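Asker: Everything below, folded, please.
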Amino acid sequence: MRCSFLYILITFGAVLSGPIRSSQGADSDRHVILISVDGMAHYYFDDPKAEMPTIRRLAAEGARAKQMTTSLPTVTWPNHTTLVTGVHAGKHGVIGNDFFDRKEQKVVAYIPDPVFNKDEIVKTPTIYDVAHDAGLSTAGVCWPASRGAKTWNWTIPDVFEQATFEQYSTPSLLAECREAGIPYEKQNEWCKLGTAGKPMRDWLYANVATHIIRKHKPGLMCLHYMSVDGLQHGYGSKTPEAYWAINDSDNRVRQIVEAVEEAGLKDKTTFVVTADHGFITYKKRIQPNVLLKKEGLIKAALGNKVTERRVWCHAQGVAYIYVLDQANREALLKDITPKLAAMEGIEEVIEEKDFAKYGLETAAKDPRMPDLILSPKDGYVIGADVGGDEVVVSAGEAKGAHGYSPANPLMDASFVISGAGIKKGVVLDKIANIDVAPTIAKLLGVEIKGADGRVLTEVLK
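Answerer: Reported below is the predicted structural model:
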């Protein structure tokens, strides 16, 4: 009761005094909703088979970029973190969906159920940190790498297990969802269905988000949809399943737009609809560890049981090559680099001297980083298997993947910005994902210090 009374007093005071600007300059009368449609490649926007009337309408009423460059590795958690920090993985610290621990020689996962909270892995300020510190309210709905963030007013995390989901969700929000009949208790059941459960999860997240918008009117919302990613992984890009997912996600975007209108915030809200990466369809798998085994640098028994490794490939979409025999590092790199580069299906070899071009640290500064990176061509995917004698094998039916070098235009993502403060009809050729956070900050009247991206002034009124 005391909290409700305090909320009434604050709201009434805002009505009497008009828009409030905090001491940091934030505009409390402006709202931004950042929607990530995971895996929505740039090429879908002009594809007539991709039915996305809501997203195209937002673009027509506002602005868009034909392509948005993403960050290496072009996977979900690093790129979602770049969208909200304005820096690449080398600075913000989320270097993959997981990483290879050199000392323990094992993979440490960030997803599906991370062992880390946001403040343990994200090293730089996010737009929701800055907005919250400036006095704006914030909401995160299934936003990657934000579990346990202290700067969400309302949140449900991007995790699988129900107990973890409820532990890190805002208690009052879950109570409101329960009262509103939003079945959040189903989320783990739908997670267990894998790809088949992602449309239902998106439906759930959309309903949680629309509830937050109608009831709480947050200054900033970050929302993550995943069906487009899931269906492309299962069936490949530009397939009937992928087109269905595009249309389904467009419907989920429409729900958000309608909720904003119903909340009376249409003239005060800016929509940013974007993605974390593009997609490639593949039918062949490259297995660098098989080559390394043939070179005597990996020893294995009973097929895949590794007994010793001096060099190791960890698959991140790209191949992260780790030299574990540090005493012979330079000699081993000199020997294996041309052999790995000569494998069928390799398009780009990124040596340590070039890591900075991609916004990455070297292993000397961050031991989670590899010593060499290999990116495959379209039609190929990297695997970490050790078994067998074939370095390149059939992957069976066509499937989809990402994680490749951002130099490959198929990894470019979509970007649409529309609503309050945005010019109509602007079409930019190419932007970078590091530009998203500074642009949102400008719209909210705050500053995200240290961002490497720029404010997209061309789209602003």
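Asker: how much space between residue 271 and residue 64?
Answerer: Taking Cβ to Cβ, to the nearest Å as the measure, residue 271 and residue 64 are separated by 11 Å. Heads up, the C-betas are built off the backbone N, CA and C, glycines and all.
Asker: Mutual contacts of the two, please.
Answerer: Both residue 271 and residue 64 are contacted by 416, 417, under the criterion Cβ atoms under 8 Å, 6 or more residues apart in numbering.
Asker: and the gap between residue 48 and residue 75?
Answerer: Counting by Cβ to Cβ, the gap between residue 48 and residue 75 amounts to 29 Å.
Asker: Kindly report the same for residue 456.
Answerer: Separation of residue 456 from residue 75 (Cβ to Cβ) stands at 24 Å.
Asker: higher neighbour count, the two?
Answerer: Using other Cβ atoms under 10 Å as the criterion, residue 456 and residue 75 rank with residue 75 on top: 28 against 22.
Asker: So for that one, what's the pLDDT?
Answerer: For residue 75, the pLDDT comes out at 98.
Asker: any idea how far residue 339 is from it?
Answerer: Distance, residue 75 to residue 339, using Cβ to Cβ: 26 Å.
Asker: now do residue 153
Answerer: Distance of residue 153 to residue 339, given as Cβ to Cβ: 53 Å.
Asker: quick one: which of those two has more around it?
Answerer: The residue with more neighbours, out of residue 153 and residue 339, is residue 153; 19 against 13, by other Cβ under 10 Å.
Asker: Isn't that one up against residue 173?
Answerer: No. Here residue 153 does not reach residue 173: they are 9.0 Å apart, not a contact under Cβ atoms under 8 Å.
Asker: Not counting sequence-adjacent ones, nearest residue to the residue nearest the centre of the chain?
Answerer: In the chain, the C-alpha nearest the mean C-alpha coordinate belongs to residue 80, at 2.9 Å (Cα atoms, centre = their mean). For residue 80, the nearest residue in space outside its immediate sequence neighbours is residue 144; the separation is 4.1 Å by Cβ to Cβ, 6 or more residues apart in numbering.
Asker: and the one you found, what element?
Answerer: No secondary structure element spans residue 144, as it lies outside all helices and strands (assigned by DSSP states H and E).
Asker: what sits against it?
Answerer: With contact set as Cβ under 8 Å, 6+ apart, residue 144 has these partners: 76, 77, 80, 81, 111, 158, 224.
Asker: Just the ones of those residues in helices?
Answerer: Counting by DSSP state H, the part of the contacts of residue 144 found in helices is 76, 77, 80, 81.
Asker: Was I right to think the second one contacts residue 94?
Answerer: Yes. Using Cβ under 8 Å, residue 77 makes contact with residue 94 at a distance of 5.2 Å.
Asker: Averaged pLDDT, the longest strand along the chain. What do you get?
Answerer: In the chain, ranked by residue count with DSSP state E as the criterion, the top strand is strand 392-401. Model confidence over strand 392-401 averages 96 on the pLDDT scale.
Asker: which parts of it are buried?
Answerer: Neighbour-count burial for strand 392-401 flags 392, 395, 399, 400, 401 (criterion: 16 or more other Cβ atoms under 10 Å).
Asker: Among these, find me the one that's closest to residue 210.
Answerer: Looking at those and their distance to residue 210, the nearest is residue 400, at 29.1 Å (Cβ to Cβ).
Asker: For the closest one, give its distance to residue 39.
Answerer: With the distance defined as Cβ to Cβ, residue 400 ends up 8 Å from residue 39.
Asker: Quickly list what's touching both of those two.
Answerer: Contact with both residue 400 and residue 39 is made by residues 232, 233, 279, according to Cβ under 8 Å, 6+ apart.
Asker: pLDDT at residue 47, what is it?
Answerer: Here, the pLDDT recorded for residue 47 equals 98.
Asker: Now do the residue lying closest to it once chain neighbours are set aside: how many residues are near it, please.
Answerer: Leaving aside its sequence neighbours, residue 47 sits nearest to residue 238 (Cβ to Cβ, 6+ apart; 7.2 Å). A count of nearby residues for residue 238, using other Cβ under 10 Å, gives 18.
Asker: lowest average confidence, helix or strand, in this structure?
Answerer: Every helix and strand in the chain was compared by mean pLDDT, DSSP states H and E; the lowest is helix 2-17, with a mean of 36.
Asker: picking up where we left off before, between residue 77 and residue 94, which contacts overlap?
Answerer: The contact sets of residue 77 and residue 94 overlap at 110, 145 (Cβ under 8 Å, 6+ apart).
Asker: in which helix or strand would I find residue 201?
Answerer: With DSSP H and E as the criterion, the answer for residue 201 is helix 198-216.
Asker: List the buried residues in that helix.
Answerer: Under the neighbour-count criterion of 16+ other Cβ under 10 Å, helix 198-216 has 198-213, 216 buried.
Asker: What average pLDDT does that helix get?
Answerer: Regarding helix 198-216, the rounded mean pLDDT is 99.
Asker: Strands of the stretch 151-300 of the chain, start to end?
Answerer: If DSSP state E, counting those that start in this stretch is used as the criterion, the strands of the stretch 151-300 of the chain fall at 154-156, 220-225, 269-274, 280-286, 298-301.
Asker: other SSEs contacting the longest helix belonging to the chain?
Answerer: Taking residue count as the measure and DSSP H as the definition, the longest helix of the chain comes out as helix 240-262. Helix 240-262 makes packing contacts with strand 31-37, helix 53-61, helix 198-216, strand 220-225, helix 227-235, strand 269-274 when contacts are defined by 3 or more Cβ pairs under 8 Å, 6 or more residues apart in numbering; DSSP states H and E.
Asker: Just give the closest residue to residue 349, not the sequence neighbours.
Answerer: Sequence neighbours aside, residue 341 is the residue nearest to residue 349 in space, at 4.6 Å (criterion: Cβ to Cβ, 6+ apart).
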